[in-house]
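A.B. asks: no sequence on this one, just coordinates:
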């Protein structure tokens, strides 16, 4: 979702005549090695004075020293999808380190763009003045209504990278506890970003005997994702924390009922779906607390 948002920002600015350069940073952010931080500092130092520089929060929050060095020369803008310290799976020490790092980095930004009102509220705890926060929610392309599976089993779809925050383990356990077995689940999303989480999810699938019902399909291109939405009967996202919920917005655009968690902007998305189609929110989706 976040990468897609960034890509659309670049495309939109270029379509309006802006000269946009994209610099991919090396290393594993938000936990970069010293070499990656040095390289990121080198990228910033190579830019002309007064350049408008938008840095994705995944990297920005982890490079406060580099941002501070260039803040007086460059016009730094942070693009924050959600606070780094709220990523699921962090121990207390790692979360505290990220919170401190991100607070210091955000203090150097002239503007902070966030993708939801929920994230804007959270950044107030990071001492970001409200007048330096701009909420720019993601747009959603129009899409044809999903035709559904047409089969006897309910085809469930989850679109999310398999990482701790997205809650795939919660989903497998919940499905295993269901007495009915007239369902199948397809999970579309990266299986490479967090091999340990993928291994745990695969183990749970095997332990509960769901190998013939749950498919980890990996990443798909835009056409493949659109096809998955079209073949689904319902969309499910057990995310433990979300800045916005772009996959939910895409599912809503396809007319799919949503089963998910009330986090980020998801509750607003489901409620707006019910209102726009003259449904009540219960018909548009069912939301429960994360976890």
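C.D. replies: On my side now, so go ahead. Quick caveat, the model's predicted, so the values are computed rather than measured.

A.B. asks: Looks like residue 132 contacts residue 113 (just checking).
C.D. replies: No - under the criterion of Cβ atoms under 8 Å, residue 132 makes no contact with residue 113, lying 10.1 Å away. (Each C-beta comes from the backbone N, C-alpha and C, glycine too.)

A.B. asks: Between those two, point out the one with more neighbours.
C.D. replies: It is residue 113, of residue 132 and residue 113, that has more neighbours when counted by other Cβ atoms under 10 Å, with 20 against 15.

A.B. asks: host element of that one?
C.D. replies: Assigned by DSSP states H and E, residue 113 belongs to strand 111-114.

A.B. asks: ok, residues contacting that strand?
C.D. replies: 54, 77-81, 106, 120, 123, 128, 132-136, 243 (Cβ atoms under 8 Å, 6 or more residues apart in numbering).

A.B. asks: Select from these every entry located in strands.
C.D. replies: Among the contacts of strand 111-114, DSSP state E puts 54, 77, 78, 79, 80, 133, 134, 135 in strands.

A.B. asks: got a list of what residue 181 touches?
C.D. replies: residue 213.

A.B. asks: Use 440 as the first number from now on
C.D. replies: Done: numbering now begins at 440, and the last item shifts to residue 620.

A.B. asks: picking that back up, mind checking which of the ones in strands among the contacts of strand 550-553 are buried?
C.D. replies: Listed as buried from the ones in strands among the contacts of strand 550-553 are 493, 516, 517, 518, 519, 572; burial here means 16 or more other Cβ atoms under 10 Å.

A.B. asks: Is it possible to get CSV of those residues that adds pLDDT and distance to residue 607?
C.D. replies: What follows is these, written out as CSV (pLDDT from 0 to 100; distance: Cβ to Cβ, whole Å):
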residue, pLDDT, distance to residue 607
493, 98, 31
516, 98, 33
517, 98, 29
518, 97, 26
519, 96, 24
572, 97, 31
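
A.B. asks: which of these lies closest to residue 502?
C.D. replies: Using Cβ to Cβ, residue 517 is the member of those that lies nearest residue 502, at 10.6 Å.

A.B. asks: quick check: mean pLDDT across the strand holding residue 552?
C.D. replies: For strand 550-553, the mean per-residue pLDDT is 97.

A.B. asks: Show me the helices in the stretch 440-589 of the chain, by range?
C.D. replies: With helices called from DSSP state H, counting those that start in this stretch, the stretch 440-589 of the chain shows them at 441-454, 473-484, 496-499, 503-509, 531-545, 556-562.

A.B. asks: May I have the strands that pair with the strand holding residue 552, each with its orientation?
C.D. replies: Strand 550-553 sits in its sheet next to strand 514-519 (parallel), strand 572-574 (parallel), going by DSSP bridges.

A.B. asks: Among the ones you listed, which comes closest to residue 654?
C.D. replies: Per Cβ to Cβ, nearest to residue 654 of the strands paired with strand 550-553: strand 514-519, 33.1 Å.

A.B. asks: And the closest one, how far out from the chain middle?
C.D. replies: When distances are taken as Cα atoms, centre = their mean, to the nearest Å, strand 514-519 is centred 18 Å away from the chain's centroid.

A.B. asks: Let me know the angle separating it from helix 473-484.
C.D. replies: Between strand 514-519 and helix 473-484, the angle comes out at 130 degrees (axes from the mean of the first three to the mean of the last three Cα atoms, to 10 degrees).
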